[in-house]
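> Here's a sequence, model it:
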Amino acid sequence: MRAVLFDVGGPIDMEFAHEIALEGAIAAACGMEGIPIDQAAIDAASERAVEAFAADAYAHMIETLFGLAREGHVNAKGMPNPLQLALTAQEFSDVIVFRRPPQPLQRLVFGALTPIARRRGYRATYPSLSRTTLAPRETPA
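Residues are numbered from 1 along each chain as shown. Below is the predicted model:
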């Protein structure tokens with residue numbers, strides 16, 4: 001099972017509409033099984049899922065992206081350059097999904113950019129940008 005806690009791209013109103021529809025489907029499925037559920041229960045479950053799943057990774061990602069912006073390493077739209085983006089997207093793929101370009105193209109392009117970015121000294125995260133320390137992750141060979 002894969003959880004996505006942060007989704008980049010797409011109109012905000014579409015995101016909310018999607019979340020409302022998804023929550024409605026969950027509530028309907030629970031109702032069919034005889035499990036009473038209301039909006040407060042859905043909200044509480046969502047909060048617990050974020051806290052339990054990847055609170056440290058989520059905080060680290062936000063600190064990294066905001067730190068890059070604070071130091072001026074983003075474009076006018078607030079996005080890091082493609083080399084930085086490739087590393088960051090792969091490092092935090094369990095908590096962030098970029099909507100554009102499509103996922104298969106992202107894997108192809110980011111996979112090609114990652115070794116170039118590493119050779120040029122880019123890193124997925126920077127200790128100077130974050131107060132959060134994550135457990136080391138395996139890096140693909």
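> going forward, measure contacts and count neighbours with C-alpha atoms only.
Will do.
> Can you show me the helices along this protein?
Taking DSSP state H as the test, the helices found in the chain are 12-32, 39-70, 82-91, 103-119.
> Reformat those helices as JSON lines; add mean pLDDT, distance to Leu129 and mean neighbour count.
Converted to JSON lines, these look like this (pLDDT from 0 to 100; distance: least, CA to CA, whole Å; neighbours: other CA atoms under 10 Å):
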{"stretch": "helix 12-32", "mean pLDDT": "71", "distance to Leu129": "27", "mean neighbour count": "13"}
{"stretch": "helix 39-70", "mean pLDDT": "76", "distance to Leu129": "5", "mean neighbour count": "15"}
{"stretch": "helix 82-91", "mean pLDDT": "90", "distance to Leu129": "13", "mean neighbour count": "20"}
{"stretch": "helix 103-119", "mean pLDDT": "92", "distance to Leu129": "18", "mean neighbour count": "15"}
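> nearest to Ser130, of these?
For the helices of the chain, distance to Ser130 was read as CA to CA. The smallest value, 5.3 Å, belongs to helix 39-70.
> Distance from that closest one to the middle of the chain?
9 Å (CA atoms, centre = their mean, to the nearest Å).
> what's the answer for stretch 110-129, then?
For stretch 110-129, the distance to the chain centre is 17 Å (CA atoms, centre = their mean).
> What of stretch 66-78?
The answer for stretch 66-78 is 17 Å, by CA atoms, centre = their mean.
> Could you export that stretch as PDB, keeping only the C-alpha atoms?
The C-alpha trace of stretch 66-78 is given here as PDB (Å, rounded to 0.1, in the frame of the first residue of the first chain):
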ATOM      1  CA  PHE A  66      11.000  25.800   1.800                       C
ATOM      2  CA  GLY A  67      14.800  26.000   2.600                       C
ATOM      3  CA  LEU A  68      15.600  25.800  -1.100                       C
ATOM      4  CA  ALA A  69      13.100  28.600  -1.800                       C
ATOM      5  CA  ARG A  70      14.400  30.700   1.200                       C
ATOM      6  CA  GLU A  71      18.000  30.500  -0.300                       C
ATOM      7  CA  GLY A  72      16.800  31.400  -3.800                       C
ATOM      8  CA  HIS A  73      17.200  28.000  -5.400                       C
ATOM      9  CA  VAL A  74      13.800  28.000  -7.100                       C
ATOM     10  CA  ASN A  75      12.400  29.600 -10.200                       C
ATOM     11  CA  ALA A  76       9.600  32.200 -10.400                       C
ATOM     12  CA  LYS A  77       7.000  29.500  -9.900                       C
ATOM     13  CA  GLY A  78       8.700  28.300  -6.800                       C
END
